[in-house]
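Student: Please work out how this folds:
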Amino acid sequence: MTEHAHLDASLPTEDRVELLLQEMTVLEQAYQLTAVAPWYLAAPTGGDPEDVDHWLARNPGHISNLVTDDPLATADLVTRIQRASTERTRLGIPVLIHSEALNGFMSGGHMVFPTGIGLASTWSPDLVQEMADLIRRQMRRLGIRQALSPNMDVALDPRWGRVHESYGEDPYLAAAFSVAYASGLQGPDLADGVIATGKHFVGYGKPEGGINLGATEIGWRTLRDLFCFPFEAAIHEAGMASVMNSYSDIDGVPVGASREVLTTLLRDTLQFEGFVTSDYTTLDHFVDRQRVAADAAEAGRLALVAGLDTENPLPFGYGDVLAEGVDRGEVPLELLRTSVRRILTAKFELGLFENPYPSESIDVRSIAEEGRELSEELARRSVILLGNDGILPLRPGAQSVALVGPHADAVDLQFPTYTFPAFREMTLFMSRGGFGGAVGVDPGMAAWNAKILPDQATSELVRERYGATSLAEVLRGDAADLVVEPATTLRDELDGGLERAVAAAEDAEVVVLALGGASLWFTGERTEGEASDSADIALPAAQVRLAEAIAALGKPMVVVLVQGRAYTLPPAVREAAATVVLPYGGPFGPQAVADVLFGRVNPSGKLPYSIPLHPGQVPVYHHQKAGTGRRIGLPPGVPDLYLDSSAEPLHAFGHGLSYTEFALSELEVSEQADTTGSFQVSVNVSNMGDRDGATTVQLYLRANTSGVTRPAQQLAGIARVELAVTESQRVTFSLDSSQLGYTNMAREFAVEPCRVDVMVGFDADRHDLCASLDLVGERAVLTARERSFLTKVHYEEIS
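Tutor: Coordinates of the predicted model:
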């Protein structure tokens, strides 16, 4: 007989939850929803923190973002925290420890992969699932069982600094990567998995004015049909176990306080059964920023009523404050118990009660190398060739090269926010007195970080830990002669830099102009990142002046753009002989660019966002509704929708060139499909050039339904195809009619009979082959569980 009945692992999870809940005081229940910092339960040098008994009496449910430089140190701290929680508390409830893992487990000693937008640029969800599976094993090894990832925001405004964390502008592409990530991280069974936390629910990728934390001004149809799509897909295709609230407000109510969003929409409509994780300091924002609560107690009540199941990173409106509200009768006890059930269910399903500890044996050296080849391949696939007049690929050893621009010799700028090097830099900055309002500050942070994150320059760290190199270093082995001149920082001209860059370019046969941005957390010179938004999305003026000075020489010029979002480009860049995009590739990004420039790799990356011609076009995304934006159609006698500019983007969503040529042929589409049935689209794709290569065939649909304005086109299938010279494959997309569901005039989510236009091509504006089919039958009203989300793809060799 066990000491506590809930420790009997042979019982069903729901029984164990109820048995434990019956034993818990109101204070213990309130703290199951509450996170504390790791230094509340363990001192970094061993032993106990000063107030440990205070916290153990409350048995907090969660530990916020435990990050160290060393996996062995992490394992030791996790072990001591869990021993305190399970052996020195009344009921022995283990904590759920979370960490960030957007593009790699954000903890010292683990591999970094390209940022989210770089992953999306590969159009290879299968590799992202492989990456997430590795992250799962790494996190479990150290006893960390929840990842505050992935970022599922559909990012429609390039002014927003967090675009690079996302999978771009398209809901289908975001869903494909979200499902892949959540599937890899959670595995087939949570008992061997790590909880994926989809963020930020919902509509966060279109903040008012492009400003982080801004309100989301969108209608409910768009919210449900477009912004919810990646979340809904991951919930039902991957069993995603947690969702994080957005900081935004929707229809005047902060999401964290909105029962309409977190309960009616998320649970009733999308049929989500997991728990809602709060973004950091959400409840503080109610009081200090959004002014919807007078104090912590009101903030806690609003959040719990809405359906927010946890508070991170520290107690404010939950914990003692929430328990007191329940005791006073201001907060219904059953609401508290409902959220506690969700947290305890997750802990039992993870197996935390049976084994909350890290692995017994950890090989630090082998851990550091895990995923290296995968990171290299993802970096190579993420490189996008925007334009090429034939100058690329360059011939190794054949030409002298001048490499100029702020990214010429920068090594640390490939590591944006939500990578360990950037997090480490931000954390040390905060520990020295710097402040980051979106992250939260605690008095114990400085002492903790002084022990576990010794000071080290980021450029030195990324070289030492990851073997990272700059573009200059990797190009030295390829150019017959290489001269390097940064000329500018991201925003400012270096003293005499422009003159030195022009002189270097004059003496070279080819100029490689390395421009772009940088993402950091509240520190240093940056153009992107959390709370780093831009009113003007043009390249910084100093870089434009540099580009114009080099272009004026008339030398062959190749532009390398390092960016995590769209920038508007000056004529000097637009007219370059070739342009390549590198979306924050991590340690192997510069090498991937060199491999593309010199032809060792045939580029296959595709844009996951549109690049505007002019900032006044924003927002400009491919799935704008029929009859609006650039989809309005030109009135008679009007050459452009703007008096001063075309409304078309400079580069369309899905665009990306190759060193070979691909062609599509023999499109075949089902003549009709029932609203409750399925249909197929088949096409041949052939390599017509003189090099082996890879491309992505893109399927777009337009549903011409009645009464409600629909997207002029929607991405409905992707198929990456690798073809040798003269080789062909037949690609068949198999779709369920439910993929064409939408919120109709009666506000039902339904599939309705209509004509469906079918478009197949290599980007959103290149419809090489077109056809149509008829959806027939009765209107089919669907629940979330009855939907299909992603298109199946079958490949057949053609002899």
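Student: all contacts plus neighbour counts: C-alpha atoms, from now on.
Tutor: Fine.
Student: pLDDT below threshold where in the chain?
Tutor: Along the chain, the parts satisfying pLDDT under 70 run over 1-2, 433-442.
Student: So what's the gap between the one helix or strand Arg463 maps to and the chain middle?
Tutor: Using DSSP states H and E, Arg463 falls within helix 458-466. With CA atoms, centre = their mean, to the nearest Å as the basis, helix 458-466 stands 24 Å off its chain's centre.
Student: ok, and for it, which residues are buried?
Tutor: Buried residues in helix 458-466, counted by 16 or more other CA atoms under 10 Å: Thr458, Ser459, Val462, Arg465, Tyr466.
Student: Dump those to CSV, plus distance to Trp123.
Tutor: Converted to CSV, the buried residues of helix 458-466 look like this (distance: CA to CA, whole Å):
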residue, distance to Trp123
Thr458, 30
Ser459, 30
Val462, 27
Arg465, 28
Tyr466, 25
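Student: Out of these, which comes closest to Ser121?
Tutor: Tyr466 (22.2 Å; CA to CA).
Student: so that closest one makes contact with Met111?
Tutor: Yes. Judged on CA atoms under 8 Å, Tyr466 makes contact with Met111 at a distance of 7.3 Å.
Student: right, and Cys228 touches Val202 too?
Tutor: Yes. Look at Cys228 against Val202 with CA under 8 Å: they come within range, at 6.6 Å.
Student: more crowded one of the two?
Tutor: Val202 (30 against 23; other CA atoms under 10 Å).
Student: how about the nearest residue to Ile537, chain neighbours excluded?
Tutor: Closest residue in space to Ile537, ignoring its immediate chain neighbours: Tyr567 at 5.1 Å, by CA to CA, 6 or more residues apart in numbering.
Student: Show me what the helix holding Arg463 is packed up against.
Tutor: Applying 3 or more CA pairs under 8 Å, 6 or more residues apart in numbering; DSSP states H and E, one finds that helix 458-466 contacts helix 420-431.
Student: neighbouring contacts of the helix it packs on?
Tutor: Here helix 420-431 makes contact (CA atoms under 8 Å, 6 or more residues apart in numbering) with 106-108, 112, 415-417, 435-436, 441, 445-446, 449, 453, 455, 458, 461-462, 520-523.
Student: Please repeat the previous calculation with a cut-off of 7 Å.
Tutor: Met106, Ser107, Gly108, Phe415, Pro416, Thr417, Met445, Ala446, Thr458, Leu520, Trp521, Thr523 (CA atoms under 7 Å, 6 or more residues apart in numbering).
Student: and the last one, what is it in contact with?
Tutor: By CA under 7 Å, 6+ apart, the residues touching Thr523 are Met426.
Student: again, only this time at 6 Å
Tutor: Contact analysis of Thr523 by CA atoms under 6 Å, 6 or more residues apart in numbering lists nothing.
Student: quick one, phi psi at Ser99?
Tutor: With angles defined as degrees, to the nearest 10, Ser99 sits at phi -150, psi 160.
Student: What is the burial count for the nearest residue to it once chain neighbours are set aside?
Tutor: Spatial nearest neighbour of Ser99, excluding adjacent residues (CA to CA, 6+ apart): Asn65 at 4.6 Å. Using other CA under 10 Å, Asn65 has 22 other residues around it.
Student: Asn65 reaches Glu100, doesn't it?
Tutor: No. The criterion here is CA atoms under 6 Å, and Asn65 misses it with Glu100 at 7.1 Å.
Student: Gly317 sits in which helix or strand?
Tutor: Using DSSP H and E, Gly317 sits in no helix or strand.
Student: Could you pull up the residues touching it?
Tutor: Applying CA under 6 Å, 6+ apart, we find Gly317 in contact with Ala296, Ala297, Ala299, Gly300.
Student: In a helix, Glu722, correct?
Tutor: No. Per DSSP: H, G, I helix; E, B strand; the rest coil, Glu722 lies outside any helix segment and is strand.
Student: how close does it sit to Ser734?
Tutor: 20 Å (CA to CA, to the nearest Å).
Student: backbone phi and psi for Gly187, please?
Tutor: Here is the backbone geometry of Gly187 (degrees, to the nearest 10): phi 70, psi -180.
Student: With Cys770 instead?
Tutor: phi -140, psi 150.
Student: So what pairs up with the residue nearest to it when sequence neighbours are not counted in the strands?
Tutor: Nearest residue to Cys770, sequence neighbours excluded (CA to CA, 6+ apart): Met759, at 4.5 Å. Counting by DSSP bridges, Met759 forms beta bridges with Tyr700, Cys770.
Student: Met759 and Thr695: what is the separation?
Tutor: Counting by CA to CA - Met759 and Thr695 are separated by 17 Å.
Student: And Ile117, by the same measure?
Tutor: For Ile117, the distance to Thr695 - CA to CA - is 18 Å.
Student: Domain boundaries for this protein, per the record?
Tutor: Split into domains by automatic domain parsing, the chain comes to 5-365, 383-413+464-597, 662-798.
Student: Any chance of JSON lines for the ones you listed, columns distance to Thr628?
Tutor: Shown next, in JSON lines, are those (distance: least, CA to CA, whole Å):
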{"stretch": "domain 5-365", "distance to Thr628": "14"}
{"stretch": "domain 383-413+464-597", "distance to Thr628": "21"}
{"stretch": "domain 662-798", "distance to Thr628": "9"}
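Student: so which of these gets nearest Gly633?
Tutor: Of all the domains of the chain, domain 662-798 sits nearest to Gly633, with 11.1 Å by CA to CA.
Student: how far out from the middle of the chain is the closest one?
Tutor: Relative to its chain's centre, domain 662-798 lies at 25 Å (CA atoms, centre = their mean).
Student: End to end on it, go ahead and measure it.
Tutor: Start-to-end span of domain 662-798 (CA to CA) is 15 Å.
Student: ditto for stretch 730-750
Tutor: 32 Å.
Student: Over to stretch 568-579?
Tutor: Chord length of stretch 568-579, first to last residue, is 13 Å (CA to CA).
Student: buried set for it?
Tutor: Buried positions in stretch 568-579, judged by neighbour count with 16+ other CA under 10 Å: Thr568, Leu569, Pro570, Ala572, Val573, Arg574, Glu575, Ala576, Ala577, Ala578, Thr579.
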